[in-house]
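Engineer: need a 3D model of the sequence below.
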Amino acid sequence: MKRVFRKIFSRPPEREAAPPLPSHIEIIREKALKGHHLEIVQWGQILLESIYVPKDPVGALEWFTIAAKAGFGPGHNMRGRCFQFGWGCEQDLQEAARCYATAADAGDEWGRYNLGILTMRGIGQPQDLPKALNLFRTAAHNGHAKSMNLYARFLEEGWVVPQDRAAALDWYRKSAEGGDYRGQHNYATALVDAGQIDEALGWWRKAVVDATSDILLAMNKKLALLGNKRDPALETRVQDRLKEMGVPPSTEDAKIRPEQSGLTEAQ
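Structural biologist: Numbering: from 1, shown residues only. Take a look at the predicted model:
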């Protein structure tokens, strides 16, 4: 580990001439330098994507590796993200799956979720829906909101588990309350089916803030079907977000398939 630290700190001080970091960012950097595992991972994430420092995916991967070598689950998870998407390294989906599995074994729910996504889609390993179900179910019971949504989806559709729509609705609610925009959209959709339009609109207003294009398209379709209960301001917000993404608004079927669900939101 000392060699890794020396390697990182022997680099030219690229940001010496830059403005001082905001205090909350500087605190993270200083704690990372002192070897605090959480801040090591956070500093690596800042190097991946931040307005405060130049992007340095290679450096980020090195920081994640330090945390992983210390046995810190989130470090393994973020190494998996790097190998899955080729951040600071060559893309290696098998290695990504191994990193996520190690993170899950260390009790990291994001690692469990990300492994579940790869397992559900057959990325870096054979597709295995029963294994994916177990991963999402475990993470859901451990409080992971995105896993709650996917566990609910398995229950709703009856994927390798007896169909149980009442249980699915309960897990969608928990996911929505936990802040997952996919769960918020799915729960809102179920509320509309139950005639609870006003409550559904409230959850869609929360979901629109962070939703990706597939959810925004599905939301746009659902909102267009509300008749005299429509919320023009919300519809405009959805369509504006789609335009920002360069996606033309459409009311055509945008239902999420099992091989699509949740992939882009992993951490």
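Engineer: run through this structure and note the low-pLDDT ranges.
Structural biologist: 1-18, 251-267 (pLDDT under 70).
Engineer: what ranges do the helices span in it?
Structural biologist: 2-9, 23-33, 37-48, 57-69, 73-85, 93-105, 109-121, 129-141, 145-157, 165-177, 181-193, 197-207, 213-224, 232-244 (DSSP state H).
Engineer: make CSV out of these and add distance to S250 and mean neighbour count.
Structural biologist: All C-beta spots, glycine's among them, are computed from the backbone N, C-alpha and C. Formatted as CSV, these follow (distance: least, Cβ to Cβ, whole Å; neighbours: other Cβ atoms under 10 Å):
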stretch, distance to S250, mean neighbour count
helix 2-9, 47, 10
helix 23-33, 40, 15
helix 37-48, 32, 22
helix 57-69, 34, 21
helix 73-85, 27, 26
helix 93-105, 31, 21
helix 109-121, 24, 26
helix 129-141, 29, 20
helix 145-157, 22, 25
helix 165-177, 24, 20
helix 181-193, 16, 24
helix 197-207, 17, 19
helix 213-224, 6, 20
helix 232-244, 9, 15
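Engineer: verify the stated contact: L129 with M120.
Structural biologist: Yes: using Cβ atoms under 8 Å, L129 makes contact with M120 at a distance of 6.4 Å.
Engineer: please tell me how far the closest residue to G111 other than its chain neighbours sits from L118.
Structural biologist: Spatial nearest neighbour of G111, excluding adjacent residues (Cβ to Cβ, 6 or more residues apart in numbering): A103 at 2.5 Å. Separation of A103 from L118 (Cβ to Cβ, to the nearest Å): 12 Å.
Engineer: ok, K69 next?
Structural biologist: K69 is 23 Å from L118, by Cβ to Cβ.
Engineer: and L234, by the same measure?
Structural biologist: 34 Å.
Engineer: K243 now?
Structural biologist: Taken as Cβ to Cβ, the span from K243 to L118 is 32 Å.
Engineer: span of stretch 118-136 from start to end?
Structural biologist: Stretch 118-136 has an end-to-end distance of 12 Å (criterion: Cα to Cα, to the nearest Å).
Engineer: typo on my end, it should be stretch 203-213
Structural biologist: Taking Cα to Cα, stretch 203-213 runs 17 Å from one end to the other.
Engineer: show residues contacting it.
Structural biologist: 176, 181-182, 184-185, 187-188, 191, 215-216, 219, 222-223, 231, 234, 237-238, 241-242, 245, 247, 264-265 (Cβ atoms under 8 Å, 6 or more residues apart in numbering).
Engineer: off-centre distance for it?
Structural biologist: 14 Å (Cα atoms, centre = their mean, to the nearest Å).
Engineer: check stretch 160-172 too.
Structural biologist: 22 Å.
Engineer: how about it as CSV, C-alpha atoms only?
Structural biologist: Once non-C-alpha atoms are left out, stretch 160-172 reads as follows in CSV (Å, rounded to 0.1, in the frame of the first residue of the first chain):
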residue,chain,number,x,y,z
VAL,A,160,-38.6,-17.0,-11.2
VAL,A,161,-40.9,-16.3,-8.1
PRO,A,162,-44.6,-16.7,-7.6
GLN,A,163,-46.4,-13.5,-8.8
ASP,A,164,-47.4,-11.4,-5.8
ARG,A,165,-48.6,-7.9,-6.8
ALA,A,166,-49.6,-6.9,-3.3
ALA,A,167,-46.1,-7.5,-2.1
ALA,A,168,-44.7,-5.8,-5.2
LEU,A,169,-46.8,-2.7,-4.4
ASP,A,170,-45.4,-2.6,-0.9
TRP,A,171,-41.8,-2.9,-2.1
TYR,A,172,-42.4,-0.2,-4.7
